[in-house]
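Trainee: with the input below, show me the fold.
(one chain, ligands or ions: 1)
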Amino acid sequence: ALSLADFDPELAEAVRLEEGRQEDHVELIASENYASPLVMAIQHSVFTNKYAEGYPGKRYYSGCEHVDVAERLAIERLKALFDCDYANVQPHAGAQANAAVFLALTNPGDTVMGMNLAQGGHLTHGNPSNFSGRHYRIVPYGLDPETGLIDYDEMERIALQTRPKMLIGGFSAYSRHKDWARMRAIADKVGAVFWVDMAHVAGLVAAGEYPSPLPHAHVVTSTTHKTLRGPRGGIILARGQGEDFYKRLDSAVFPGIQGGPLMHVIAAKAIAFKEALLPEFKTYQRQVLSNARAMAAVLQQRGYRIVSGGTDNHLMLIDLSDRPYTGKDADAALSDAHITANKNSVPNDPRSPFVTSGLRIGTPAVTTRGFGIDECERLAGWLCEVLDALEVGGETQVAVRARVRESVTELCRRFPVYRW
Ligand code: PLP
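Mentor: A predicted model of the protein is given here:
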């Protein structure tokens, strides 16, 4: 067989460079992680060739007996991981899991309440450019501008006034625990379905290190590739809601919004869930939390403001609105020093979502490659140096970035991701 390098040298080179980038850059994007070699390997198994529309035991094609094993394993492990009695492992990604929930539990035009994207929500929770914002009447809730914490009283007031059909919990950029019980109580007051999208914290929840939404939500969705550290994908979970409800969710995924499931990815999900059931996974998630707290402490000591004053999970949002540069500038400067983070809006951000006044960082990926508190503290120090230098500019800035880039590379080489 032809090697990739022989058949498609351009693509082979892109993969080689990306491998190098992932090894030699520090990855602080809170939604990213490094999947295990087994999770990656099974995705190029023969499962990729199989059509399996339907669900295990009830497929529209024959020859599904072996992929059925993979899907059943994924489902059973996922149920054990989150202690629930319903699991759908077919959504191609987080956005598809969320689309299926909308389709199953609401009608176009319904009022739906979700967290404001500019204050930490996700596109699929009602952003005007997303299907959710286009087809529903979205009423957003957000943060108390003083504390940076979710304002539950305000959420309740808006809910009583607007009577949403569905209330969405979950976020892409909130560093504190969410009060799931309080949100369920608000949903109950107005007769709304309570749906939690736990994509960011699913790994922490699985390890018992972040409050599980499952005792409170009617339905829970997640991605499988963030803190959960599996393949790219989506899942839907529920506990104690009954067969009719589960059938609605299943039919919303297939045939509602998807055709054939990606069986190679479902097999990889099964592996990731088995990994997440191991004791080491709990140790990993604890380290993710300690590393995030350590980074937040250094940043604060050096005069950087963290939205809400700290973190209880794997991420934090650095508020740069009092600085002479933007989130976009910070993102670019760090990237030049081989530190990958992402610009992010902060509460009441005067700048556009493409420019922003904040930076989001998270510790799942660096923790996977083996960084502990010591490495994370050094890393936070370098991050501050690069940002401080942005205020000075000129030659200093260039020199600081070059020095940090060298230190980052040296640290990364001591903690290889896949090149053991
Ligand atoms: N939900 C939340 C809370 C997210 O943060 C994200 C991704 O960033 C998604 C859903 C979407 O997941 P995907 O990119 O797999 O569609």
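Trainee: could you measure from the closest residue to the ligand within the chain over to S407?
Mentor: Closest contact between the chain and the ligand, by C-beta to the nearest ligand atom, is at G94 (2.4 Å). The way it works is simple: take the backbone N, C-alpha and C, and place the C-beta from them, glycine included. According to C-beta to C-beta, to the nearest Å, G94 stands 34 Å off from S407.
Trainee: tell me which of those two has more neighbours.
Mentor: Taking neighbours as other C-beta atoms under 10 Å, G94 and S407 compare with G94 leading, 27 against 17.
Trainee: in contact with that one: list those residues for me.
Mentor: Shown in contact with G94 (C-beta atoms under 8 Å, 6 or more residues apart in numbering): H122, T124, D197, A199, T221, S222, T223, G234.
Trainee: of those residues, which is the most crowded?
Mentor: That'd be S222 among those, by other C-beta under 10 Å, with 32 neighbours.
Trainee: just checking, that residue touches A199?
Mentor: Yes: taking contacts as C-beta atoms under 8 Å, S222 lies within contact range of A199: 5.0 Å.
Trainee: ok, back up a step: give me the phi and psi angles of the residue of the chain closest to the ligand.
Mentor: Backbone torsions for G94, taken as degrees, to the nearest 10, come to phi -60, psi -40.
Trainee: what residues does the stretch 1-150 of the chain put near the ligand?
Mentor: Residues of the stretch 1-150 of the chain lying close to the ligand by C-beta under 6 Å from any ligand atom are S31, A93, G94, A95, N98, H122, T124.
Trainee: let's go with 5 Å and repeat that
Mentor: Residues of the stretch 1-150 of the chain lying near the ligand by C-beta under 5 Å from any ligand atom: S31, A93, G94, A95, H122.
Trainee: which of the residues you listed fall in helices?
Mentor: Within these, residues falling in helices by DSSP state H are G94, A95.
Trainee: look at the nearest residue to Y55 once chain neighbours are set aside and report its pLDDT.
Mentor: Residue nearest to Y55 in three dimensions, not counting chain neighbours: D250, with 6.4 Å by C-beta to C-beta, 6 or more residues apart in numbering. Model confidence at D250, given as pLDDT, is 98.
Trainee: hang on, isn't D250 packed against N88?
Mentor: Yes: using C-beta under 8 Å, D250 is in contact with N88, at 6.0 Å.
Trainee: so between the two, which is more surrounded?
Mentor: Neighbour totals were compared for D250 and N88, and N88 leads with 25 against 20 (other C-beta under 10 Å).
Trainee: isn't the more buried one right up against A252?
Mentor: No: counting by C-beta under 8 Å, N88 stays clear of A252, with 9.0 Å between them.
Trainee: tell me, what's touching the two both at once?
Mentor: By C-beta under 8 Å, 6+ apart, N88 and A252 have these common neighbours: A100.
Trainee: what comes up buried for the lengthiest helix in the chain?
Mentor: Counting by DSSP H, the longest helix found in the chain is helix 279-301. Residues of helix 279-301 classed as buried: 281, 284-285, 287-289, 291-300 (neighbour count, 16 or more other C-beta atoms under 10 Å).
Trainee: stretch 172-184 now?
Mentor: Using 16+ other C-beta under 10 Å as the test for burial, stretch 172-184 gives S172, A173, Y174, S175, R176, K178, D179, W180, R182, M183, R184.
Trainee: what's the neighbour count on L117?
Mentor: The number of residues packed near L117 is 24, by other C-beta under 10 Å.
Trainee: name the helices or strands packed onto the helix or strand containing L237?
Mentor: Secondary structure from DSSP states H and E places L237 in strand 234-238. If you count contacts as 3 or more C-beta pairs under 8 Å, 6 or more residues apart in numbering; DSSP states H and E, strand 234-238 packs onto helix 65-82, strand 86-88, helix 94-105, strand 219-223, helix 243-251.
Trainee: ranking these by burial, who's on top?
Mentor: strand 219-223 (a mean of 29; mean count of other C-beta atoms under 10 Å).
Trainee: possible to save the buried residues of stretch 172-184 as a markdown table with distance to A14 and secondary structure?
Mentor: Output for the buried residues of stretch 172-184, formatted as a markdown table (distance: C-beta to C-beta, whole Å; DSSP: H, G, I helix; E, B strand; the rest coil):
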| residue | distance to A14 | secondary structure |
| --- | --- | --- |
| S172 | 27 | coil |
| A173 | 29 | coil |
| Y174 | 34 | coil |
| S175 | 34 | coil |
| R176 | 39 | coil |
| K178 | 39 | coil |
| D179 | 45 | coil |
| W180 | 42 | helix |
| R182 | 47 | helix |
| M183 | 43 | helix |
| R184 | 46 | helix |
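Trainee: now, which of those residues lie close to the ligand?
Mentor: For the ligand, the contacts drawn from these by C-beta under 5 Å from any ligand atom are S172.
Trainee: including pLDDT, could the buried residues of stretch 172-184 go into CSV?
Mentor: Compiled in CSV, the buried residues of stretch 172-184 are given as follows (pLDDT from 0 to 100):
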residue, pLDDT
S172, 92
A173, 92
Y174, 95
S175, 96
R176, 97
K178, 96
D179, 97
W180, 98
R182, 98
M183, 98
R184, 98
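Trainee: low pLDDT regions in this protein?
Mentor: Filtered on pLDDT under 70, the chain yields the residue ranges 419-420.
Trainee: same thing but 90
Mentor: For the chain, the stretches with pLDDT under 90 are 1-2, 116-121, 145-146, 347-348, 353, 393-395, 419-420.
Trainee: just give the closest residue to the residue nearest the centre of it, not the sequence neighbours.
Mentor: By C-alpha atoms, centre = their mean, the mean C-alpha position of the chain lies nearest to H200, the distance being 3.4 Å. Closest residue to H200 in three dimensions, ignoring its sequence neighbours and counting by C-beta to C-beta, 6+ apart: K226, at 5.7 Å.
Trainee: quick one: what helix or strand has that neighbour in it?
Mentor: For K226, there is no enclosing helix or strand under DSSP H and E.
Trainee: and the gap between M263 and H92?
Mentor: With distances taken as C-beta to C-beta, M263 is found 12 Å from H92.
Trainee: please identify which of the two sits among more neighbours.
Mentor: A count of neighbours by other C-beta under 10 Å puts M263 above the other of M263 and H92, at 24 against 17.
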